[in-house]
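1. Take this sequence and fold it.
(2 chains)
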Number of protein chains: 2
Amino acid sequence: MSPKPLDYDSLNENVKKMQYAVRGELYLRASELQKEGKKIICTNVGNPHALGQKPLTFPRQVVALCQASFLLDDSNVGLLFPADAIARAKHYLAMTSGGLGAYATDSRGLPGIRKEVAEFIGRRDGYPGDPELIFLTGGASIGVMQFLNTIIRGAGDGILVPVPQCPLYSATISLFGGSLVPYFLEETANWGLDVNDLRQSVAEARSKGITVRAMVIINPGNPTGRCLSEVNLKEIIHFCYQENLVLLGDEVYQQNIYQDEWPFISARKVLMDMGPPISKEIQLVSFHTVSKGYWGECGQRGGYFEMTNIPQQTVDKIYTVAATSHSANVAAQIFIGLMVNPPKPGDVSYEQYVRESKGILESLRRRARIMTDGFNSCRNVVCNFTEGAMYSFPQIWLPPLAIEAAKKAGKVPDLFYCLKLLEATGISTVPGSGFGQKEG
Amino acid sequence: MSPKPLDYDSLNENVKKMQYAVRGELYLRASELQKEGKKIICTNVGNPHALGQKPLTFPRQVVALCQASFLLDDSNVGLLFPADAIARAKHYLAMTSGGLGAYATDSRGLPGIRKEVAEFIGRRDGYPGDPELIFLTGGASIGVMQFLNTIIRGAGDGILVPVPQCPLYSATISLFGGSLVPYFLEETANWGLDVNDLRQSVAEARSKGITVRAMVIINPGNPTGRCLSEVNLKEIIHFCYQENLVLLGDEVYQQNIYQDEWPFISARKVLMDMGPPISKEIQLVSFHTVSKGYWGECGQRGGYFEMTNIPQQTVDKIYTVAATSHSANVAAQIFIGLMVNPPKPGDVSYEQYVRESKGILESLRRRARIMTDGFNSCRNVVCNFTEGAMYSFPQIWLPPLAIEAAKKAGKVPDLFYCLKLLEATGISTVPGSGFGQKEG
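-> Numbers count the residues shown, from 1 in each chain, chains lettered A, B, ... in the order given. Here you go, the predicted structure:
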């Protein structure tokens, strides 16, 4: 009897090749232990609310009122909700075609919120944003997947991805049948990015018949925690110009900055600062989300992307792709609106909002310091300071006996170590090999 | 200068080929008119809340409380929310790893809600469901896309799709580079499905070198409104067995039934009733959603799929694909829980829930009758009764002069008619050609 279409052997090869390290063998083992009643501390996914980070109050009030919009007609509503949350809920509901239960009439997301995003980008970068070039998505990853799908035509198309890297990219590139072209971040140089290494990666790919079409930067870095400097960003943009690459700027950690020397600076601002011709030429897509920062609202699945120098015909096609899976959930769109347009001085909720967001950021900053200091105080462990994002990426020298034991168990040594760590402490991590990091 | 990677000419060909009729030329024109201030009545998308359908109160109360979970500690909460909504919010929050802001710890969706879905399926079909084979998704369309991506390996793989059809299928099949193999529903036989026609479609595809791998049924039908009988479903399942096809059961309209002769019966129940060997052999995936029915919560983006007879290794791979784009937004998962486990007799909110859901269903039923009666009372218009789903699909005979005018304008006649209808009345529709319907 011939295999059935959903038997493993007859599946799409690209789907079969797909791996997702963050939720691989370690994750499955952690889930098992959890089922058995063991307390697991998940550090494998950036999921702050699962680790006790409290949501900001104001946005939750606004979205709750949008859900239960009938409360707006209840005379008791003021007992539970502040006036500015009520006003803001009305502001957003007026943008919808029928509340949170109606598809946004525009698959790119509610026009009023895209306008708020454009204004935010304008304030941040000093160059106005354009709502027509901003699409709201169900999380930043959806946008990344849409663009990779649009760029990749086959195995001959390569995407430059930083290594150690976020597994979203490796998983998605294999799903769409493209080729991941790695560029290595230098652990010994504080995860720095050397343009000569980039050139070498492209040359190597070319020698294998791969045309590199896009470059991904993750700034601040996942999982390295590195913040890119303006100088480094300029070099990257020049490089993309020379090599004719789309620049995909994963900037979801732009609020997660834990030092003052390297503030976040957007790829778009650097590009615009460089002026013509280059500022008119580089095709750039930037991604942002409500899942990170002091928001940490991962479970809401809200994100957006912004396009720079993308031809209208392509924008129209991206619109068609977005329309097929409908717009992002409307509540998540409203979270985006609230993120880019938070309470202002003088608003009833302003002080609480500032207190909460500062408190979260300071706590993250403190913990970044504790983590990296802690790692560096251990024998045989070193770790670069986590400048931003949410992760620490230590290097741990395993003794020869541990490596031997791993080999006997048929596991990569770092995975073996992480499994042991999980069994002993309940701490769920991701081994460096899962991020494609070099041996050692 | 060579074209840039995101210039239209250098995009992925599959993306370029993608069309999405529901949001095509007519949709764009309707958006323009709306911007100019014209009142547009959108009948092109099943988006009931945009047309004034009110959300059910109880689920909105529960999800609002989950968003603003701090209200659960407020002594005034009982003034705005009934006790059973408060209890239910606590029930769902206890399933999460950190409220609505945390990713579900399981990318398949919250285990507790998948259990509620399994129980619902068990009650509905008389055969127990298995939570391990149920995945929660950000709308049914996401699940459909995931399976089409998994099944389609290239242009030689065909998917049988009913015509007139829901454009989700044509758009997604072209996005993944597969071949749509149409089977025509017979307008003159009340949109009936003839297995001989299916055989002919498969034979024709085969003669073109296409291997048909899956068959889509939409029951109740979009856009035909047809409900499939048990006899018809048995024939379809037999046919899938003979031809070695996966059966994809789009059952999102299972609550939308407007007559008593053809109640909804799930493909899974019919399959199970048929007994072994066939009940153990057919690979079936069924899709459901909170976007339709008397819920109509499109904007929340909640759905699920259930797998029958899919090998474990494939299930594991589907899990990996789901993990990459993270789980559905958690609020939508809770909507699914509430849909499959609504208030019970004796609960405080039970009567209101029944009153509201009955009211919506009766109104839809009344309007299905008014629509089709209205069409059939017009000269040169006929329309089958809308037995279920949310759409009427009339046939309108255009006079030769209209066809000539359309040709002059360089448009397909039915699109031309729909554009004129839009300009004259503000009613936004989808031309039959957009669904792939036969000429005439």
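
2. use CA for all of it now, contacts and neighbours both
-> OK.

3. So which elements touch the longest helix that chain A contains?
-> Longest helix of chain A, by residue count under DSSP state H: helix A:350-377. On a contact count with 3 or more C-alpha pairs under 8 Å, 6 or more residues apart in numbering or on different chains; DSSP states H and E, helix A:350-377 meets strand A:381-382.

4. Just checking the distance from the strand it packs on to the centre of its chain.
-> The chain centre lies 26 Å from the centre of strand A:381-382; the measure is C-alpha atoms, centre = their mean, to the nearest Å.

5. Describe which strands the helix or strand that it is followed by pairs with in its sheet and in which direction.
-> Downstream of strand A:381-382, the first helix or strand assigned by DSSP states H and E is strand A:395-396. The strands beside strand A:395-396 in its sheet (DSSP bridges) come out as strand A:381-382 (antiparallel).

6. if we can go back for a sec, can you give me the offset of the longest helix of chain A from its chain's centre?
-> Remark: helix A:350-377 is offset 19 Å from the chain centroid, using C-alpha atoms, centre = their mean.

7. mind listing what's buried in that helix?
-> A:350, A:353-354, A:356-357, A:360-361, A:364-365, A:367-369, A:371-372, A:375-376 (16 or more other C-alpha atoms under 10 Å in any protein chain shown).

8. How far away from the center of its chain is stretch A:384-397?
-> That offset, for stretch A:384-397, works out to 17 Å (C-alpha atoms, centre = their mean).

9. just the buried residues of helix A:350-377 now: which is nearest A:V216?
-> In terms of C-alpha to C-alpha, no member of those lies closer to A:V216 than A:A368, at 24.6 Å.

10. So the closest one versus chain B, what's the distance?
-> Applying C-alpha to the nearest C-alpha, to the nearest Å, the value for A:A368 to chain B is 20 Å.

11. quick one, what contacts that residue?
-> By C-alpha atoms under 8 Å, 6 or more residues apart in numbering or on different chains, the contact list for A:A368 reads A:Y258, A:F385, A:T386, A:E387, A:M390, A:S392.

12. so who does the last one touch?
-> Neighbour list for A:S392: A:P223, A:T224, A:G225, A:A368, A:M371, A:T372, A:C383, A:N384, A:F385, A:T386 [criterion: C-alpha under 8 Å, 6+ apart].

13. A:T429: which of those residues is nearest?
-> The closest of the contacts of A:S392 to A:T429 turns out to be A:P223 (C-alpha to C-alpha; 11.6 Å).

14. what sits against the closest one?
-> Going by C-alpha under 8 Å, 6+ apart, A:P223 touches A:P164, A:Q165, A:C166, A:A389, A:M390, A:Y391, A:S392, A:F393.

15. ok, what's across the strand from A:S428?
-> Beta-bridge pairing of A:S428 under DSSP bridges involves A:C42.

16. Show residues contacting stretch A:111-123.
-> Under the contact criterion C-alpha under 8 Å, 6+ apart, stretch A:111-123 has outside partners A:95, A:127-132, A:134-136, A:333-334, A:336-337, A:340-341.

17. In strands only, show me the residues you listed.
-> Among the contacts of stretch A:111-123, the members found in strands (DSSP state E) are A:I134, A:F135, A:L136.

18. which one among these gets closest to chain B?
-> Nearest to chain B, judged by C-alpha to the nearest C-alpha, of the ones in strands among the contacts of stretch A:111-123 is A:L136 at 13.2 Å.

19. State the pLDDT value of A:V22.
-> Note on A:V22: pLDDT of 59.

20. Over to the nearest residue to A:F287 once chain neighbours are set aside. Which of the three states is it?
-> Once flanking residues are discounted, A:F287 sits nearest to A:F305: 4.5 Å by C-alpha to C-alpha, 6 or more residues apart in numbering or on different chains. Look at A:F305: counting by DSSP: H, G, I helix; E, B strand; the rest coil, its state is strand.

21. Endpoints of stretch A:304-319, how far apart?
-> Using C-alpha to C-alpha, to the nearest Å, the end-to-end distance of stretch A:304-319 comes to 13 Å.

22. Tell me the buried residues in that stretch?
-> For stretch A:304-319, the neighbour count (16+ other C-alpha under 10 Å) marks A:Y304, A:F305, A:E306, A:M307, A:T308, A:N309, A:I310, A:T314, A:V315, A:K317, A:I318, A:Y319 as buried.
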